[in-house]
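K.L.:
Generate coordinates for the sequence data below:
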Amino acid sequence: MASSMRSLFSDHGRYVESFRRFLSHSTEHQCMQEFMDKKLPGIIARLCKIPLEPYFNLCSHPVTVQAFAMKRKHRIGDTKSEIKILSIGGGAGEIDLQIVSKVQAQYPGVCINNEVVEPSAEQIAKYKELVAKTSNLENVKFAWHNETSSEYQRRMLEKKEVQKWDFIHMIQMLYYVKDIPATLKFFHSLLGTNAKILIIVVSGSSGWDKLWKKYRSRLPQDDLCLYVTSDDITQMLDNLGLKYECYDLLSTLDISDCFTDGNETADLLWDFLTETCNFNATAPPDLKAELVKDLQEPEFSTKKEGKVLFNNNLSFIVIGA
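P.N.:
The predicted model follows:
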């Protein structure tokens, strides 16, 4: 690896710029929207139900169960007065507000407590701006914590206060966690009855998996980011004995510009693909030549209507309480 190559994460402004270019050229957010529309309603269908399990354990007779329920001033099938959502790595809030919207539709009128853990003050500011200009959030209370998931975990353990949540989501953020199994175990311990965790990461069948496995040793290494896919996460969940379901959805990244020299979009996409700051200007010619060839191969991309579409497939992992 040439000494002049450095991690993209060493230049925050360049990273943000390349990430925005990635989003504008990929179907990532459309893929997530498809999941929110088709799968999420079923996943959150029981979040708000008041549990009566202890009474069923005492006696299975329906009249007795009804009596216990009425004594608690609840009817069987009643819903909670508040739903608690915890967003880990919420970014600028675009996907978070889609999730909130789906919960509102499922439970109209129910108050929602939406807390966000996000290490970037810049992203939190954008999140707040988005909330300010979004309508129909009157029943939603927001709180932001400018910290990493590890800092949040440490703070909660020091307080020795166990806050239970109805829905926790971690969207494209586990790459930045050093001890993923410990993180999964901790946040699973925060789930209330009928609660769920949603994790979104790149699929083990994606081009990212193949790219990272083949080239990681020749690209800049950085402690800030780990190369993990859904295959790694599900293996960790298996080891922890946690139950989950995994859904894969198709997504693409248009990298056609990467094969045209002197193109700003190409420069930014190369940076994002390789996690290298100014890859085009600093990469050894042989490394770039190999990547140019590989990224057009079927195991990485498909060619359609003159475009080269990199496999950006995503996995949606749902963990139960």
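K.L.:
CA only for contacts and neighbour counts going forward, please
P.N.:
Noted.
K.L.:
which SSE is residue 213 in?
P.N.:
helix 207-215 (DSSP states H and E).
K.L.:
which helices and strands sit right next to that helix?
P.N.:
Under the contact criterion of 3 or more C-alpha pairs under 8 Å, 6 or more residues apart in numbering; DSSP states H and E, helix 207-215 touches strand 307-311.
K.L.:
Return the list of strands paired to the helix or strand following the strand it packs on, each annotated with direction.
P.N.:
Using DSSP H and E, the helix or strand that follows strand 307-311 towards the C-terminus is strand 314-320. As defined by DSSP bridges, the strand partners of strand 314-320 come to strand 191-202 (antiparallel), strand 244-249 (antiparallel).
K.L.:
and residue 253, that's in a strand?
P.N.:
Yes. Assessed by DSSP: H, G, I helix; E, B strand; the rest coil, residue 253 belongs to a strand.
K.L.:
Of the strands paired with strand 314-320, which is nearest residue 222?
P.N.:
strand 191-202 (18.7 Å; C-alpha to C-alpha).
K.L.:
Pull out the buried residues from that closest one.
P.N.:
Residues of strand 191-202 classed as buried under the neighbour-count rule (16 or more other C-alpha atoms under 10 Å) are 191, 192, 193, 194, 195, 196, 197, 198, 199, 200, 201, 202.
K.L.:
Between helix 207-215 and it, find me the angle.
P.N.:
Angle of strand 191-202 versus helix 207-215, following axes from the mean of the first three to the mean of the last three C-alpha atoms, to 10 degrees, is 60 degrees.
K.L.:
give me the element residue 181 is part of.
P.N.:
Going by DSSP H and E, residue 181 is part of helix 180-188.
K.L.:
who touches that helix?
P.N.:
149, 150, 153, 168, 174, 177, 197, 236, 237, 240, 321 (C-alpha atoms under 8 Å, 6 or more residues apart in numbering).
K.L.:
average pLDDT across the strand or helix carrying residue 15?
P.N.:
Assessed by DSSP H and E, residue 15 sits inside helix 12-25. Here helix 12-25 scores 93 as its mean pLDDT.
K.L.:
neighbouring contacts of that helix?
P.N.:
Contacts of helix 12-25 (C-alpha under 8 Å, 6+ apart): 8, 9, 29, 253, 254, 255, 265, 268, 269, 271, 272, 277.
K.L.:
buried stuff in that helix?
P.N.:
Under 16+ other C-alpha under 10 Å, the buried positions of helix 12-25 are 14, 15, 18, 19, 21, 22, 25.
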